[in-house]
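**Q** what would the 3D arrangement of this be:
(2 chains)
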Amino acid sequence: MAHPGHYIRRRVLAALPVLAGVVVATFVLTHLLPGDPAAYYAGPVDSAQAVEDVRARMGLDRPLPVQFLHYIADLAHGDLGTSLSTGQPVAAELARRLPASIELMLAGLSLSLVVGIPLGVVAATRPGSWVDHLCRIVSTAGVSLPSFFTGLLLIYVFYFVAGLAPAPVGRLPSFMRPPPAETGFLLLDCALAGQWQKLGAAAAQMVLPALTIAVFTLAPLARMTRASMLGVLSSEYIRQGRANGIPRRVLLYRTALRNALLPVVTTLGMIGSSLLGANVLVEKVFAWPGLGSYALDAMSSLDYAPLQGFVLLMSVLYVLINLGLDLLYGLIDKRVRLG
Amino acid sequence: MNTLRENKVTAAAFALFVLIILVAALGPSLLPISPLATDAASALAPPSAAHWFGTDEVGRDVMARVVTAARLDLVIALSAVALSFVIGSILGTAAGFSGGIVDQLVTRLVDTLMAFPLFLLAMAIVSVLGNNATNIVYATAVVNLPFYIRMSRAEAAKLRSAGFIEAARVGGLSGARLLAAHVYPNVLPPLIVQVSLNLGWAILNAAGLSFLGLGVRPPTPEWGIMVSDGAALIVSGAWWVSLFPGFALMLTVLCFNLLGDGLRDLADPKRRI
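**A** The predicted model follows:
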């Protein structure tokens, strides 16, 4: 049998060309397509000289291959350039905002994992029951609801009508000062500083956006769990196990679920893609100060460096998510490691 | 056992589909009010007999705008899906059937596209190309390409060793003729089954871009923009400005998804899950 180390090394090596592809594609995307940021930043002083000056300052007057080499060299030093509209280094700004986005996505995803997998399992074990119908409705509605609309609907119902949720103004109510940023993860920072009241407020701010994320990630998760559980339950080895008198609980949760989870792990990769994208919409709806709002500001002002940095960071995150899932897959299913 | 009930759901979805097409085709010409006409005196009026869906911040009739937007949203989604369907299926078939260098190149293209979270790639494309409806179509088509390329590539690869292809080859057909006459038509059916589901996704993608302020520009009526226009008003209780276009969007996508599920079940009863 192949050693797990070989499998891990092979997967990591296979991710490298993809990462290289992402770096090149991001550069090409932001440089080859039309649109002249220099003309934009030269502003109302519409003289050709002013535009040329800005272009020279941005390094856009150099030939593309030279620009590319500079971009790679900067990247190697962890330098993603400087935002033209804020004057701040892009890397620092992204690092400052990343925890807010990750915290939100993790909260939403955990919620949908906790609800979605049991829902799929129960639906598969009782086909035709009300749970099965519920699972069907949830998975159809979930893929049909635009996440930005779900968010607004939740705000209307839980903030305006019921008054249960706090105003959608970001990570903390506006009258509260954030705790010292140790980790950037607000819930963790509040706990570290011992500010429990703030911790409660921050958690309350997170409920609706996390719920919004859970609604659309739940759908594919529940659907896939149900389908793959149905497949496993009708297999020969489950029938054999039942005939041998293995208790139903053991058979269901130890034997069947473990095998049924493999395709679910694959689905998580697809969910990761839609999660990173829809997160931008959710952040806009809830005024969440994460990466999404940063990217939107950059886009509306044709600010190349932040846009490039954002796309690069998100794609690298996505490649890493897929790599992690591949490794997880190999861990669960020994056959994959041999392949 | 569930077939009858599911057929009913599919039938209902089909009825809704016909209704949506009718609204998109005829709606705008039947409206008594222009979707762009402002009326400061009745701004932000809640739904009433005069304005069934209420009015927005500058007094435009929300219903007129929701109805007018149906056409634009459908046209954007249809054009995007058509574009990626045609280009994707041709590239995928060529790659899957011929293998070799073509296959290598196409696979690299797909891998690179798939390395990006799709919606973010669409965002980046629109923001760089510029804000208009055409660029939403291009962006949506590009991020959708891998889907059709992969599917047609797999189908075409399966056909390589099929008996009737061998027969055609023995009969003297080769190259482009063989591809066009025998391979391509047989790659299409499984792809066509996915179109409905894909349309639902394309509508969501386009509306999401507009919601972010990328793509279609106000005051053009478009569901995503309208939801975004009403977003700030919802915390003060003016729900009708964004909830009506939001519901229209949701119903349309739901309709395409249910229809797509029904079509898939019809085409392949084994995959019914």
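**Q** using the three-state scheme, assign the one residue in chain B that gets nearest to chain A.
**A** Nearest to chain A, among the residues of chain B, is residue B:119, at 2.6 Å (CB to the nearest CB). Yep, even glycine has a C-beta here, placed from its N, CA and C like the rest. Classification of residue B:119 by DSSP: H, G, I helix; E, B strand; the rest coil places it in helix.
**Q** what's the local residue count around it?
**A** 27 (other CB atoms under 10 Å in any protein chain shown).
**Q** just give the nearest non-adjacent residue to it, would you?
**A** Of all residues not flanking residue B:119 in the chain, residue A:277 sits nearest, at 2.6 Å (CB to CB, 6 or more residues apart in numbering or on different chains).
**Q** distance of that neighbour from residue B:201?
**A** Counting by CB to CB, to the nearest Å, the gap from residue A:277 to residue B:201 is 12 Å.
**Q** same check, this time on residue B:79
**A** Counting by CB to CB - residue B:79 and residue B:201 are separated by 14 Å.
**Q** between the two, which is the more surrounded one?
**A** A count of neighbours by other CB under 10 Å puts residue B:201 above the other of residue B:79 and residue B:201, at 24 against 19.
**Q** burial measure for residue A:170, as a count.
**A** 19.
**Q** check contacts around it.
**A** A:205, A:286, A:287, A:288, A:289 (CB atoms under 8 Å, 6 or more residues apart in numbering or on different chains).
**Q** which of these count as buried?
**A** A:205, A:286, A:288, A:289 (16 or more other CB atoms under 10 Å in any protein chain shown).
**Q** nearest to chain B, out of those residues: which one, please.
**A** Checking the buried ones among the contacts of residue A:170 one by one against chain B (CB to the nearest CB), the nearest turns out to be residue A:286, at 10.3 Å.
**Q** relative to residue A:101, how far out is that closest one?
**A** From residue A:286 to residue A:101 the distance is 12 Å (CB to CB).
**Q** likewise residue A:117?
**A** 24 Å.
**Q** give me the most central residue, chain A.
**A** Closest to where the C-alpha atoms of chain A average out (CA atoms, centre = their mean) is residue A:276, at 3.2 Å.
**Q** so what's that one closest to, chain neighbours aside?
**A** Using CB to CB, 6+ apart, the closest residue to residue A:276 is residue B:117 (3.9 Å).
**Q** where does the stretch 101-250 of chain B dip in pLDDT?
**A** The stretch 101-250 of chain B contains no residues with pLDDT under 70.
**Q** can you show me the helices along it?
**A** B:118-129, B:133-159, B:163-170, B:175-178, B:184-211, B:223-234, B:240-267 (DSSP state H, counting those that start in this stretch).
**Q** before we move on, what about the stretch 201-339 of chain A?
**A** Using DSSP H, counting those that start in this stretch, helices in the stretch 201-339 of chain A cover A:236-243, A:248-250, A:257-285, A:291-300, A:304-332, A:334-338.
**Q** so can I have a markdown table of the ones you listed showing distance to residue A:182?
**A** Listed next are these as a markdown table, based on distance: least, CB to CB, whole Å:
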| stretch | distance to residue A:182 |
| --- | --- |
| helix A:236-243 | 49 |
| helix A:248-250 | 43 |
| helix A:257-285 | 22 |
| helix A:291-300 | 20 |
| helix A:304-332 | 22 |
| helix A:334-338 | 39 |
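**Q** number of residues surrounding residue B:229?
**A** Neighbour tally, residue B:229, other CB under 10 Å: 21.
**Q** how about it, what does it touch?
**A** Residue B:229 neighbours (CB under 8 Å, 6+ apart): B:56, B:57, B:218, B:241, B:242.
**Q** before we move on, the earlier item: isn't the residue of chain B closest to chain A right up against residue A:274?
**A** Yes - assessed by CB atoms under 8 Å, residue B:119 is found in contact with residue A:274 at 6.9 Å.
**Q** still on that earlier bit, wait, which of the helices of the stretch 101-250 of chain B is closest to residue A:10?
**A** helix B:133-159 (22.4 Å; CB to CB).
**Q** in that closest one, what counts as buried?
**A** Those would be B:133, B:135-153, B:155-157, B:159, for helix B:133-159 by 16+ other CB under 10 Å.
**Q** tally of neighbours for the residue in the stretch 201-339 of chain A positioned nearest to chain B?
**A** Among all residues of the stretch 201-339 of chain A, residue A:277 sits closest to chain B, at 2.6 Å; criterion: CB to the nearest CB. Neighbourhood size, residue A:277 [other CB under 10 Å]: 24.
**Q** show me the contacts for it.
**A** Residue A:277 neighbours (CB under 8 Å, 6+ apart): B:117, B:118, B:119, B:120, B:122, B:123, B:208.
**Q** what sits closest to residue B:93 if chain neighbours are left out?
**A** Nearest to residue B:93 is residue B:156, by CB to CB, 6+ apart, at 4.5 Å.
**Q** quick one: the one you found and residue B:94, what's the gap?
**A** 8 Å.
**Q** check residue B:67 too.
**A** Residue B:67 is 42 Å from residue B:94, by CB to CB.
**Q** try residue B:102
**A** Counting by CB to CB, the gap from residue B:102 to residue B:94 is 6 Å.
**Q** can you pull the pLDDT of residue 77?
**A** Defaulting to chain A. On pLDDT, residue A:77 comes in at 82.
**Q** wait, chain B was what I had in mind.
**A** 92.
**Q** residue A:115 now?
**A** Value for residue A:115, per-residue pLDDT: 91.
**Q** excluding chain neighbours, what is closest to it?
**A** That would be residue A:218: by CB to CB, 6+ apart, it lies 6.1 Å from residue A:115.
**Q** tell me the contacts of that neighbour?
**A** Residue A:218 neighbours (CB under 8 Å, 6+ apart): A:112, A:115, A:116, A:119, A:138, A:139, A:142.
**Q** can you list which of the residues you listed are found in helices?
**A** A:112, A:115, A:116, A:119, A:138, A:139, A:142 (DSSP state H).
**Q** neighbour count for the residues you listed - can I get that in JSON lines?
**A** JSON lines is the format used below for the ones in helices among the contacts of residue A:218 (neighbours: other CB atoms under 10 Å in any protein chain shown):
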{"residue": "A:112", "neighbour count": "25"}
{"residue": "A:115", "neighbour count": "17"}
{"residue": "A:116", "neighbour count": "29"}
{"residue": "A:119", "neighbour count": "23"}
{"residue": "A:138", "neighbour count": "21"}
{"residue": "A:139", "neighbour count": "25"}
{"residue": "A:142", "neighbour count": "22"}
